[in-house]
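>>> Model the following, please.
(chains A and B)
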Number of protein chains: 2
Amino acid sequence: MRNIAVIGYGVVGSGTVELFEKNREEICKKIGRDCDIKYICDLRDFPGDPYEDRLVKDFNIILNDDEIEVVAEVVGGATFAYEYTKKLLAAGKSVVTSNKELVATHGAELFEIAKDHGCNYLFEASVGGGIPIIRPLNKCLAGNSIEQISGILNGTTNFILTKMIKSQMDFDSALKMAQELGYAEADPTADVEGHDACRKICILGSLAFGKHIYPQYVHCSGISRITLDDVEYAEDAGYSIKLVGTVKPAGNGRISAIVCPRLVPKNSLLSSVDDVYNAITVTGDGVGDVLFYGKGAGKLPTASAVVGDIIDCLKHRDRRIMIDWEDCTDKDYVVPYKTTLNTMYVRIKAADAESLKPAVTELFGKVLYLERNGRPDNELAFITPNMVEADIDTALEQLSKSAEIASKIRLM
Amino acid sequence: MRNIAVIGYGVVGSGTVELFEKNREEICKKIGRDCDIKYICDLRDFPGDPYEDRLVKDFNIILNDDEIEVVAEVVGGATFAYEYTKKLLAAGKSVVTSNKELVATHGAELFEIAKDHGCNYLFEASVGGGIPIIRPLNKCLAGNSIEQISGILNGTTNFILTKMIKSQMDFDSALKMAQELGYAEADPTADVEGHDACRKICILGSLAFGKHIYPQYVHCSGISRITLDDVEYAEDAGYSIKLVGTVKPAGNGRISAIVCPRLVPKNSLLSSVDDVYNAITVTGDGVGDVLFYGKGAGKLPTASAVVGDIIDCLKHRDRRIMIDWEDCTDKDYVVPYKTTLNTMYVRIKAADAESLKPAVTELFGKVLYLERNGRPDNELAFITPNMVEADIDTALEQLSKSAEIASKIRLM
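Residues are numbered from 1 along each chain as shown, chains lettered A, B, ... in the order given. From the prediction side, this is the model:
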């Protein structure tokens, strides 16, 4: 039975077709019946492609073909993909996706449509590439109250930071290298400014706490302003700088969520996650800490998750796989990040920086001063006590009257 | 609805009740209806226990109560638990378990009974305690051909080895400490001789490759003969000694599986898994390497997996969750370990050990000699080339004519 379609024949789409066809015999045994890919939908031509005969340009061919049970949407973005997904689900066809933007933006609505039409909308590939995290969180850890989810969720930024830490490359050079190796896009904004990681932590938080977390309510800062000076101070104090997404309950049924660079202690597992690898730690009241680690992106790793979802849909024909969450209209569901407690690394510049130490003590209380090789006289770096973030900002504003605030980075 | 029963009120059983009751409100929301534990079955008395009114001694009360949909079997062993499980499944009640011995010994038969009676037999807690591994392997990674599963699967032995490596305790002292801390049983045989890890790797291999792997066909050696001398040689060469279970395809539809101590390179993630933690790496042709890490045993971590399975059963009432494998009657399914390739660490003793180096070269070809502080003249340690294990044994037999073979440990 040729009951599968793939929409989007880019990196993930071609990986999905390649992996499925390679393992088709084994996969069909798992599903319990013969299955195959019937259509690959893309507006481009792929002359000489081994699956050229399955390529179609008109989405409606897929929509109107009763034989199609499941569609892999690997187009990306929240425009065409959104329209396609709504129509497919409304027609009772299950959709599986790697599209974190779409799930993070319209997930709750799409689950509702799937539910109304007895089909499934699965998204294992949307977070962590091939790393199993959606089902483990939804099923294996369902007996826990989740206390925190924290992770390195973007391979591009982790590659750049690894190069800065291990090879002393500056941000621009490391980004250029990432682009040359195909790890970063020509426009790297979504990765380096943390938007991609933000969508992913929203998906994980929505799943863990049952209500849709919209990315626009989550504070998100990236790595483009991190300098080698910061990396050196952090190293000296026993920390690596990593871009970390975090979500946790904040009491009264609300949650706190944030994506930002953080100083991560060297003795923690997250600090040893290098290059394009991703890792996610989940803390539950029963299980304690569990960690999931692997390649967070790339053609075949992401395809691995897409094909896993295709198999699950086909194994459970006419049965709902309950992996979803409710919509959330409460604009105060995510608490303002300025109200949360943080410990902050701060680097300041001033003509005679040393002379500002008494002022720093007055503003923050006891801080920990950091060192780096060849620290210039006009520079000070320190770690604040754990304080409400708004209070840190007030103190920094005071300090900015006599010094330039060159960097501030939260600790893990 | 009081539709759950727990059989066995020991460590895991009491953890299961505790975690379920603590999170009951949230759990019922996930299931979509009211659920609770009706019976706890144990032959012992628990005067003053908060759930004393739910304790029963007669298993038949559970078997004959139509309200009971799912039973957590956390008795352990393959005698009573086997009889109970068969009867419950035949009565159409789903069973979830942490009992690796029972799953590894009778899994295929029990899945068949569950299938015939439209209920489920789930066993997430049987491997890795609270670490999600069964569903990720069965579902998320289903699109891959699995190339290898390898893991530190026993927390007790990993604790002992960590103490030997990090605190230079000898085996007996480390075992005693593990017993005092409650990590090792009074009779530690199943843990230290590798039987527990063997059952777990059999379960993972059965699931990954679809056919029951019976533990009696899997070579298994433990850590009781590892000395501090071996630990020192390994450290010097950049390795940690870990008890590792491994299963992988061996061609022609057969598999190779083994549990033994191994020299694990310090730069690999497995080598940094310390104390009672477990970690499992799965290598798939699509996903590459993924790693799962967490507490592999203990009251609440194991309960986390048991409760997750209870929830899954109750969410999918009257629907089969397809996590199982076929029976295997082929006695040659597991290839003999002597036919596989291995690189071996060897430590020998002889009056003038140095003089044996030409003989060692003649027998093994070029070996790598290791050092340790204060190595006595009557000792040599070396690493062989990668060779068929039977050939290593033949060479060692030759060598044993002029030296005592004090240790041999495979490399990862």
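>>> So which bits of stretch A:359-373 are buried?
Neighbour counts over stretch A:359-373 (16 or more other C-beta atoms under 10 Å in any protein chain shown) mark A:359-360, A:363-364, A:367, A:370, A:372 as buried. In short, each C-beta sits where N, CA and C put it, glycine included.
>>> Those in helices, which ones?
Among the buried residues of stretch A:359-373, the members falling in helices (DSSP state H) are A:359-360, A:363-364.
>>> Which member of those residues is positioned nearest chain B?
Distances from these to chain B were compared by C-beta to the nearest C-beta; the smallest belongs to residue A:364, at 34.9 Å.
>>> before we move on, back to that, give me the subset of the ones in helices among the buried residues of stretch A:359-373 touching chain B.
Filtering these for proximity to chain B (criterion: C-beta under 8 Å from any C-beta of the partner chain) leaves nothing.
>>> Pipe those residues into TSV and attach pLDDT per row.
Output for these, formatted as TSV (pLDDT from 0 to 100):
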residue	pLDDT
A:359	96
A:360	97
A:363	97
A:364	97
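>>> for the residue nearest to residue A:156 when sequence neighbours are not counted, helix, strand, or coil?
Distance criterion C-beta to C-beta, 6 or more residues apart in numbering or on different chains; nearest residue to residue A:156, sequence neighbours excluded, is residue A:191 at 4.0 Å. Three-state call for residue A:191 (DSSP: H, G, I helix; E, B strand; the rest coil): helix.
>>> how many other residues sit next to residue A:191?
Using other C-beta atoms under 10 Å in any protein chain shown, residue A:191 has 26 other residues around it.
>>> Please name the residues that touch it.
Counting by C-beta atoms under 8 Å, 6 or more residues apart in numbering or on different chains, residue A:191 touches A:154, A:156-157, A:184-185.
>>> how close does the residue nearest to residue A:284 when sequence neighbours are not counted get to residue A:283?
For residue A:284, ignoring the flanking residues on the chain, the nearest one in space by C-beta to C-beta, 6+ apart is residue A:144 at 2.9 Å. Between residue A:144 and residue A:283 the computed distance is 9 Å (C-beta to C-beta, to the nearest Å).
>>> more crowded one of those two?
Using other C-beta under 10 Å as the criterion, residue A:144 and residue A:283 rank with residue A:144 on top: 29 against 17.
>>> In which helix or strand does that one reside?
Counting by DSSP states H and E, no helix or strand carries residue A:144.
>>> And for residue A:320?
Counting by DSSP H and E, residue A:320 is found in no helix or strand.
>>> what's it sitting at in phi/psi?
Here is the backbone geometry of residue A:320 (degrees, to the nearest 10): phi -80, psi 130.
>>> Near chain B, which residues of the stretch 101-250 of chain A are found?
Looking at chain B, the residues of the stretch 101-250 of chain A close enough under C-beta under 8 Å from any C-beta are A:124, A:130-132, A:134-136, A:139-145, A:210.
>>> Next, give me the two most distant ones among those.
A:130 and A:145 (27.8 Å; C-beta to C-beta).
>>> Have a look at those two and say which one is more surrounded.
A direct count of neighbours by other C-beta under 10 Å for residue A:130 and residue A:145 places residue A:130 higher, at 32 against 17.
>>> ok so the more buried one is a helix residue?
No. The assignment for residue A:130, made by three-state DSSP, is coil rather than a helix.
>>> thinking again about what came up before, of the contacts of residue A:191, which count as buried by neighbour count?
For these, a burial check counting by 16+ other C-beta under 10 Å picks out A:154, A:156-157, A:184.
>>> Return the item of those residues having minimum pLDDT.
The lowest pLDDT within these belongs to residue A:184, with 88.
>>> distance of that one from residue A:295?
Residue A:184 is 16 Å from residue A:295, where distance means C-beta to C-beta.
>>> Buried residues in the helix or strand harbouring residue A:151, which are they?
Using DSSP H and E, residue A:151 falls within strand A:146-152. By neighbour count with 16+ other C-beta under 10 Å, strand A:146-152 contains the buried residues A:146, A:149-152.
>>> Work out for me the element residue A:258 sits within.
Counting by DSSP H and E, residue A:258 is found in strand A:254-265.
>>> Does anything pack onto that strand? Which helices or strands?
On a contact count with 3 or more C-beta pairs under 8 Å, 6 or more residues apart in numbering or on different chains; DSSP states H and E, strand A:254-265 meets helix A:195-209, strand A:219-220, strand A:239-251, strand A:404-411.
>>> and the helix or strand following the second one, how far out from the chain's middle?
Elements were assigned by DSSP H and E; along the chain past strand A:219-220, the next helix or strand is helix A:228-236. Centroid displacement of helix A:228-236 relative to its chain, using C-alpha atoms, centre = their mean, to the nearest Å, is 25 Å.
>>> Next: stretch A:377-390.
Remark: stretch A:377-390 is offset 28 Å from the chain centroid, using C-alpha atoms, centre = their mean.
>>> Rounded mean pLDDT for that stretch, please.
97.
>>> what do you get for stretch A:289-307?
95.
>>> got the end-to-end distance for that stretch?
Start-to-end span of stretch A:289-307 (C-alpha to C-alpha, to the nearest Å) is 28 Å.
>>> wait, does that stretch make contact with chain B?
Yes. Part of stretch A:289-307 sits near chain B under the criterion C-beta under 8 Å from any C-beta, namely A:289-295, A:300-301, A:303-307.
>>> got JSON lines for those residues, with distance to residue A:59 and secondary structure too?
Compiled in JSON lines, these are given as follows (distance: C-beta to C-beta, whole Å; DSSP: H, G, I helix; E, B strand; the rest coil):
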{"residue": "A:289", "distance to residue A:59": "44", "secondary structure": "strand"}
{"residue": "A:290", "distance to residue A:59": "40", "secondary structure": "strand"}
{"residue": "A:291", "distance to residue A:59": "40", "secondary structure": "strand"}
{"residue": "A:292", "distance to residue A:59": "34", "secondary structure": "strand"}
{"residue": "A:293", "distance to residue A:59": "37", "secondary structure": "strand"}
{"residue": "A:294", "distance to residue A:59": "32", "secondary structure": "strand"}
{"residue": "A:295", "distance to residue A:59": "30", "secondary structure": "strand"}
{"residue": "A:300", "distance to residue A:59": "26", "secondary structure": "helix"}
{"residue": "A:301", "distance to residue A:59": "27", "secondary structure": "helix"}
{"residue": "A:303", "distance to residue A:59": "21", "secondary structure": "helix"}
{"residue": "A:304", "distance to residue A:59": "25", "secondary structure": "helix"}
{"residue": "A:305", "distance to residue A:59": "23", "secondary structure": "helix"}
{"residue": "A:306", "distance to residue A:59": "18", "secondary structure": "helix"}
{"residue": "A:307", "distance to residue A:59": "21", "secondary structure": "helix"}
